[in-house]
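> I need the structure of the sequence given here:
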Amino acid sequence: MGTVPIQLRIRLDEAARSTSFVFDRWGDPDRPGRWGWNPFGVEVSGHRTFDGVTIPSAGRIGWFVGTDRWPDREFFRYRVTDLHLITTDAALAHEECG
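From the prediction side, this is the model:
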């Protein structure tokens with residue numbers, strides 16, 4: 001099948017935290033049977049810090065991000081409320097025990 005280069009556009013706020021991720025995704029979002037490359041991505045609405053690591057902890061995902069069609073094509077919202085990071089040392093210890 002080969003490889004297809006994808007251009008990922010990431011917007012950052014003044015604190016260098018991501019506010020959106022947009023890229024062209026192969027699909028048929030309107031379902032007329034015409035597949036092609038369409039804008040797809042995430043709008044980040046919140047950040048939280050867990051164990052010293054800040055992540056995009058809330059947002060919405062869908063087709064046509066950044067266009068006038070975005071409000072109708074959002075299909076998933078997320079919120080991370082808890083996160084436990086596994087360090088390399090902890091992962092190795094777990095493998096040794098398991």
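
> Quick check: pLDDT value at the residue nearest the centre of the chain.
Centroid-nearest residue in the chain, with Cα atoms, centre = their mean: residue 42, separated by 5.2 Å. With respect to pLDDT, residue 42 scores 96.

> so it makes contact with residue 57?
No: here residue 42 does not reach residue 57: they are 11.9 Å apart, not a contact under Cβ atoms under 8 Å. To be clear about C-beta, it is placed using only N, CA and C from the backbone, and glycine gets the same treatment.

> if we can go back for a sec, could you measure from the residue nearest to the centre of the chain over to residue 73?
Relative to residue 73, residue 42 is positioned 13 Å away (Cβ to Cβ, to the nearest Å).

> show me the contacts for the closest residue to residue 74 other than its chain neighbours.
Distances taken as Cβ to Cβ, 6 or more residues apart in numbering put residue 62 closest to residue 74, at 3.8 Å, once the chain neighbours are dropped. Contact analysis of residue 62 by Cβ atoms under 8 Å, 6 or more residues apart in numbering lists 40-41, 70, 73-76.

> These in strands, which ones?
40-41, 74-76 (DSSP state E).

> Mind checking which of these are buried?
40-41 (16 or more other Cβ atoms under 10 Å).

> Now residue 79. Nearest residue, chain neighbours left out?
Closest to residue 79 by Cβ to Cβ, 6+ apart is residue 58, at 4.5 Å.

> what phi and what psi does the backbone show at the one you found?
Per-residue torsions, residue 58: phi -150, psi 150 (degrees, to the nearest 10).

> where's it relative to residue 73, distance?
19 Å.

> What segments of the chain are helices?
Taking DSSP state H to define them, one finds helices in the chain at 70-73, 88-97.

> Could you tell me the least trusted of those?
Among those, helix 88-97 scores lowest, at a mean of 62.
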